[in-house]
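next comes the sequence, and after it the predicted model I'd like to discuss.
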Amino acid sequence: MDPLLWLSAAAIVAAILVSIPLLQRLFLGKREEPVQDGRDDGRVENEPVIIGRGRRARRQQQEGEERGGEGEGEREEAGENEEGGDFELGKKIGTKKRRKLQEKAEKKALREQEQALREDEKKREARRVEEMKKREEEEEAMRLKKEKEEKERKELQEKQEEEEYMKLKASFIVEEEGFVDEGLTDTSLAEFIDYIKTAKVVYMEEVAAQFGLKTQVVIERIQTLQSSGELTGVIDDRGKFIYITMDELKSVAKFMKQRGRVSLTELAQSSNNLIKVQS
């Protein structure tokens, strides 16, 4: 045989031997590739050659996908329920916090209102105290004014009563005029005084006839005795002398002080009651 032919045959056999592993590797890769593609994309054209097993696998895959969808739906529903629960919980927490804040605001408003009421009460109390103090000061000033006016009125009244008393006393005492007769003894003078004191009310003519004197002399003698204080009384315009004791004179003065201002009519009526007249 030709050597060239042997070389050609040897080369072909070597090529076949070299290509066998490659063909096996290529064949096995094609058998596994449809399964991987079915898992990834689920395409029918890349499924394995074995038809029966491919259909069952495809059915199981679809059922798994349906179950996966239902699981996903349940997970989504559970997520929604969880989110709804969180929302409700958040809503409850928000309502509770809002209620607490509202109660806190109401308490604060109540405290402020009570504080305002206390401040108003303090102001009203301060005004009441100030008004009371002012009223007391006014009353005290009025009381002092009344006391002063009363004191001045009493002083004026006492002064007027003193003047009235001095006038009354002056009416009882007549300035000394005339003189006592030289021939009148001490005994006859004492009898003259006793006679007038005993009679209380005497007429000048009767006294003159009783002691043998002139009427004018009797008048002058009585005036002299009044000046010396031995006789106290008053001579009226009808020539009558009324003897008044010191006790009766004090009673009249006391009456004038008690009554204050008195008229002459009242004084005369009082004198008639206070002065005992026998004739």
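Ah, there it is.

run a quick neighbour tally on residue 195.
Here the number of neighbours of residue 195 (other C-beta atoms under 10 Å) works out to 14. To be clear about C-beta, it is placed using only N, CA and C from the backbone, and glycine gets the same treatment.

pretty sure residue 196 sits against residue 204.
No - counting by C-beta atoms under 8 Å, residue 196 stays clear of residue 204, with 10.6 Å between them.

which neighbours do these two have in common?
Residues within reach of residue 196 and of residue 204 at once, by C-beta atoms under 8 Å, 6 or more residues apart in numbering, are 222, 241.

pLDDT weak spots in the stretch 151-279 of the chain?
165, 167-187, 252-253, 255-279 (pLDDT under 70).

hey, where'd the strands end up in it?
201-203, 233-235, 240-243 (DSSP state E, counting those that start in this stretch).

adding mean neighbour count, write those out as JSON lines.
Shown next, in JSON lines, are the strands of the stretch 151-279 of the chain (neighbours: other C-beta atoms under 10 Å):
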{"stretch": "strand 201-203", "mean neighbour count": "18"}
{"stretch": "strand 233-235", "mean neighbour count": "19"}
{"stretch": "strand 240-243", "mean neighbour count": "20"}
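
which stretch among the ones you listed comes nearest residue 156?
Taking C-beta to C-beta, strand 233-235 is the member of these nearest to residue 156, at 27.5 Å.

in stretch 204-213, what's buried?
204, 206-208, 211, 213 (16 or more other C-beta atoms under 10 Å).

returning to what we had before: compare the strands of the stretch 151-279 of the chain and give me the one nearest residue 10.
Per C-beta to C-beta, nearest to residue 10 of these: strand 233-235, 205.4 Å.

what is the closest one packed up against?
helix 51-172, helix 215-228, strand 240-243 (3 or more C-beta pairs under 8 Å, 6 or more residues apart in numbering; DSSP states H and E).

lowest-confidence stretch among the ones you listed?
Lowest mean pLDDT within the helices and strands packed on strand 233-235: helix 51-172, a mean of 77.

does residue 234 really touch residue 249, like I thought?
No - counting by C-beta under 8 Å, residue 234 does not reach residue 249; the two are 10.2 Å apart.
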